[in-house]
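# I'll drop the sequence and a predicted model, then ask my questions.
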Amino acid sequence: MEGGVTAAKGFEAAAAAAGIKYQDRTDMALIYSEKPCRAAGTFTTNVVKAAPVKWDRQVVESGHRPQAVIVNSGIANACTGEEGMRYCEETAKEAANALGIEKKAVLVGSTGVIGMQLPMERIKEGIRSLAAAKTSGLSGGTAAAEAIMTTDTRKKEAAVTVEIGDTVVTIGGMAKGSGMIHPNMCTMLAFITTDAKISRKALQAALSEDVQDTYNMISVDGDTSTNDTVLLLANGEAGNPKIKYGTWEYEAFKAGLHAVNETLAKAIAGDGEGATALFEAKVVNADTKEQAKTLAKSIVCSNLTKAAIAGHDANWGRILCAMGYSGAQFDPEKVDLYFESSAGRLKIIENGVALPYSEEQATEILSQPEVTAVADIKEGDVEASAWGCDLTHGYIDINADYRS
């Protein structure tokens, strides 16, 4: 369905221009729930963790019932010591006062340059503007999605409805991410909201399980951010019977959550810094899920393969090579490889050996905005996909002077 974080009942959002780093756009966002929420989260595994990651993890793991998320772009509030943690608390306190909620009911998020301190007077002024502007309409959610962008070229939103018995439950979300993307959780941020009534155990399990097949299967540049965070808030406004872990209702909810997470994950991968194409690697007929995921992720992480996609070059040897050093065992002499896109499907190798094919057709297939490489390893009936993007000169142009 259309929408993002305000698609579910009882959620509002807003954006504000605080002038934190950017002077020509909004750079702060608010997500607000009319009622306290059950919360789940997954966070970066980078040993260097930003202050907002530490704050949010403490709130989520303590069982507090959040009602608001304050997010800023431009400065990551990472590697900022005790002062950075104090600024998280000041942000939460200011938001609590402006919204009439408890300080521990406020989650925070930051994205941008590492090592700089937040300009707190601007942050506080931005919070007051957000509180006054919050709305439940689609426009509020879209404005929030745009405000958290850094080098992103487009907003990232998704929403679905799921039938839980006789009740329609809505799940919506927004995300940002373009560079420093190599999530291993469980600088990308994702915020998911739902009006489902669900136990805290089921909420956390659904998120923790699903990130393994969505956000953890994307890569732009191999760099795991200090700020990677996915937060999932459930306010129970749909009025469905409480969803519990291990039930069919849980599986239905998880399917809806997966649809939102996969859509946002692919949007992040396809909007990689300097990218011109979303690149999907699909490994089929594998023996185990882990084998398929390892092979697929190795393909999308290969810089040589990414450069070949940028050049619309069917250099299949780079893909087979990436599979070979992935650490997963397979028989290279059984592999069939295909390239496919909206321009068609082309078999490139069979049983590890090149087939005669039209270079012109291959170039046309690889010139589309979404390109897939399918590797059939003929060992079982399991498959997995990973998503990345092509590697262009634009990536260097953006990151050579990112701080300026």
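Thanks, I have the structure now. On a predicted model such as this, the values are computed, not experimentally measured, just so you know. Residues are numbered from 1 along each chain as shown.

# Could I get the average pLDDT for the longest helix along the chain?
Under DSSP state H, the helix in the chain containing the largest number of residues is helix 248-270. In this model, helix 248-270 has an average pLDDT of 97.

# for stretch 18-27, same thing?
Here the average pLDDT along stretch 18-27 is 93.

# With stretch 303-310 instead?
Mean pLDDT, computed over stretch 303-310, is 96.

# List the buried residues of it.
305-306, 308-310 (16 or more other CB atoms under 10 Å). Where you see a C-beta, it was placed from the backbone N, CA and C, and this is true even at glycine.

# of these, closest to Gln368?
Closest approach between those and Gln368, by CB to CB: Ile309, at 10.5 Å.

# residues in contact with that closest one?
277, 279, 366, 371, 389-391 (CB atoms under 8 Å, 6 or more residues apart in numbering).

# which one of these has the most neighbours?
With neighbours taken as other CB atoms under 10 Å, the top of the contacts of Ile309 is Cys389, carrying 30 neighbours.

# What distance do you get for that residue to Ala51?
29 Å (CB to CB, to the nearest Å).

# Which strands or helices does whichever strand or helix holds Ala202 pack on?
Assigned by DSSP states H and E, Ala202 belongs to helix 200-211. Secondary-structure packing of helix 200-211 (3 or more CB pairs under 8 Å, 6 or more residues apart in numbering; DSSP states H and E): strand 38-43, strand 229-234, helix 248-270.

# deepest of the ones you listed, which one?
The highest average neighbour count among the helices and strands packed on helix 200-211, using mean count of other CB atoms under 10 Å, belongs to strand 229-234 at a mean of 28.

# if we can go back for a sec, out of the contacts of Ile309, list just those in strands.
With DSSP state E as the criterion, strands contain 279, 371, 389 from among the contacts of Ile309.

# the bottom helix or strand of the chain by mean pLDDT?
helix 393-400 (a mean of 87; mean pLDDT, DSSP states H and E).

# Identify each buried residue in that one, please.
Those would be 395, 398-399, for helix 393-400 by 16+ other CB under 10 Å.

# Closest one to Leu320 out of the ones in strands among the contacts of Ile309, please.
Distances from Leu320 to the ones in strands among the contacts of Ile309, taken by CB to CB, are shortest for Phe279, at 15.9 Å.

# Contacts only, for the closest one.
Phe279 touches 269, 300, 305-306, 309, 371-373, 387-390, counting by CB under 8 Å, 6+ apart.

# what's the span of stretch 160-175, first residue to last?
With CA to CA, to the nearest Å as the measure, stretch 160-175 spans 15 Å from end to end.

# rewinding a little: please enumerate residues in contact with the helix holding Ala202?
Under CB under 8 Å, 6+ apart, the answer for helix 200-211 is 38-42, 63, 183, 185-186, 192, 198, 230, 232, 234, 243-245, 250, 253-254, 257-258, 261.

# Kindly recompute the last result at 6 Å.
With CB atoms under 6 Å, 6 or more residues apart in numbering as the test, helix 200-211 has contacts from 38, 40, 42, 185-186, 232, 234, 243-245, 250, 254, 257-258, 261.

# centroid residue for the chain?
Most central in the chain under CA atoms, centre = their mean is Ala265, positioned 4.3 Å from the mean C-alpha point.

# Once you drop chain neighbours, what's closest to that residue?
Closest residue in space to Ala265, ignoring its immediate chain neighbours: Thr214 at 4.4 Å, by CB to CB, 6 or more residues apart in numbering.

# wait, Asn326 sits on Leu295?
To be clear, residue 326 is Ser; Asn isn't right here. Yes - at 5.3 Å, Ser326 counts as touching Leu295 under the criterion of CB atoms under 6 Å.
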